[in-house]
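Chemist: Need a 3D model of the sequence below.
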Amino acid sequence: MAGKVYNWFIEPKDSRTNEAIASGCSEENLVTGIECADEIKRNLWRCTPQFRDKLVASRKSLGLNFEVFCSEGKNTFNRIRNVSHLFLKKNKTKK
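Modeler: Model (predicted):
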């Protein structure tokens, strides 16, 4: 039984983050105007799970601002959804 196929994308939220992603991904991995599951068109960088993890790990130290997206299945652009909550935990402040 084969495992599930996941396709990973990063949406940079500022130009500095976009430049950091562009330095680690080839131009052919930039997908522009792709409609996501929430019906919003976005410009996303397709990436490997390893590159995604590297960005997540260095997010705070490098001041990167991005969201993580994922689609499941062989069709890379099938129902791309935001899964940032799985990777980008925000610090909760005590009240």
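
Chemist: low-confidence ranges in the chain?
Modeler: 1-2, 90-95 (pLDDT under 70).

Chemist: which other helices and strands contact the longest helix seen in it?
Modeler: When the chain is parsed with DSSP state H, its longest helix is helix 49-62. The helices and strands touching helix 49-62, judged by 3 or more C-beta pairs under 8 Å, 6 or more residues apart in numbering; DSSP states H and E, are strand 6-12, helix 15-24, strand 66-72. (Glycine included, C-beta is placed from N, CA and C.)

Chemist: Please render the ones you listed as JSON lines that adds distance to R59 and mean neighbour count to the earlier fields.
Modeler: Below are these laid out as JSON lines (distance: least, C-beta to C-beta, whole Å; neighbours: other C-beta atoms under 10 Å):
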{"stretch": "strand 6-12", "distance to R59": "11", "mean neighbour count": "20"}
{"stretch": "helix 15-24", "distance to R59": "9", "mean neighbour count": "14"}
{"stretch": "strand 66-72", "distance to R59": "7", "mean neighbour count": "20"}
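
Chemist: Need those in TSV (columns: distance to C36).
Modeler: Below are those laid out as TSV (distance: least, C-beta to C-beta, whole Å):
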stretch	distance to C36
strand 6-12	9
helix 15-24	17
strand 66-72	7
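
Chemist: From F51, how far out is the residue nearest to G73 when sequence neighbours are not counted?
Modeler: Excluding the flanking residues, the one nearest G73 by C-beta to C-beta, 6 or more residues apart in numbering is V5, at 5.9 Å. The gap separating V5 from F51 is 17 Å, by C-beta to C-beta, to the nearest Å.

Chemist: more crowded one of these two?
Modeler: F51 (17 against 11; other C-beta atoms under 10 Å).

Chemist: list the contacts for that one?
Modeler: F51 makes contacts with 8, 24-25, as judged by C-beta atoms under 8 Å, 6 or more residues apart in numbering.
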